[in-house]
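> Please work out how this folds:
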Amino acid sequence: MKAGPERDLAARYFDRFAKAGPAIGLEWAGVAEIAESRAQTATLRKQEEGRALGAASQGSALILLDETGKSIGSEAFAARIGELRDGGARSLLFAIGGADGHDPDLRKTASLVLSFSAMTWPHQIVRVMLAEQLYRAATILSGHPYHRA
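Next comes the predicted model:
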């Protein structure tokens, strides 16, 4: 992500999450980017990116962000993260979908396919929204008043 206000805002919320999470068993491991495929067709791009994400997610609960995913509220999102944590997930890997979406085979392995909206959003904005929702989830799970229903 290029330098700019989106990166700064995402970093602010990831930092807040990194500070709030450990008390409730959620540790922040950081952001890793997988190179966008340059394959010639959408199907091949999704397959190539799916293989890379599948390899990266070994041992992790995979949560895909995709406009065709399930739309849930912040409290349900927090509850799902809590369930994964309490169910023994050692790590969570969130993957923002590319322009072509996620590979159907990868979708089958995901713990959750999530949509922030039926609208298409730039990756930078989705990263900010994810960072804020992770922080919000940590505050919900800890009973902090940041989230007001």
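
> how near is residue 58 to residue 2?
Residue 58 sits 29 Å away from residue 2, going by C-beta to C-beta, to the nearest Å. Any C-beta I mention is one placed from the backbone N, CA and C, and that applies to glycine too.

> next one: residue 79
Here the criterion is C-beta to C-beta. By it, residue 79 lies 34 Å from residue 2.

> So for those two, which residue has more residues nearby?
When residue 79 and residue 2 are compared for neighbours, residue 79 comes out ahead with 15 against 6, by other C-beta atoms under 10 Å.

> where exactly do the helices run in the chain?
For the chain, helices defined by DSSP state H occupy the ranges 5-20, 42-56, 74-86, 104-109, 123-142.

> Which stretch among these approaches residue 64 most closely?
helix 104-109 (6.3 Å; C-beta to C-beta).

> middle-most residue in the chain, spatially?
residue 94 (3.0 Å; C-alpha atoms, centre = their mean).

> Neighbours of the closest residue in space to it that isn't next to it in sequence, how many?
Using C-beta to C-beta, 6 or more residues apart in numbering and skipping the chain neighbours, the partner closest in space to residue 94 is residue 63 (4.9 Å). Burial measure for residue 63: 21 neighbouring residues, criterion other C-beta under 10 Å.

> quick one: residue 63 from residue 32, how far?
Here residue 63 is placed at a distance of 14 Å from residue 32 (C-beta to C-beta).

> try residue 144
Taking C-beta to C-beta, one finds residue 144 at 28 Å from residue 32.

> show me what contacts residue 42?
Neighbour list for residue 42: residue 100 [criterion: C-beta atoms under 8 Å, 6 or more residues apart in numbering].

> next one: the one 3 residues further on
Applying C-beta under 8 Å, 6+ apart to residue 45 gives the contacts 36-39, 98, 100.

> Among those, name the ones in strands.
When strands are assigned by DSSP state E, not one member of the contacts of residue 45 lies inside them.
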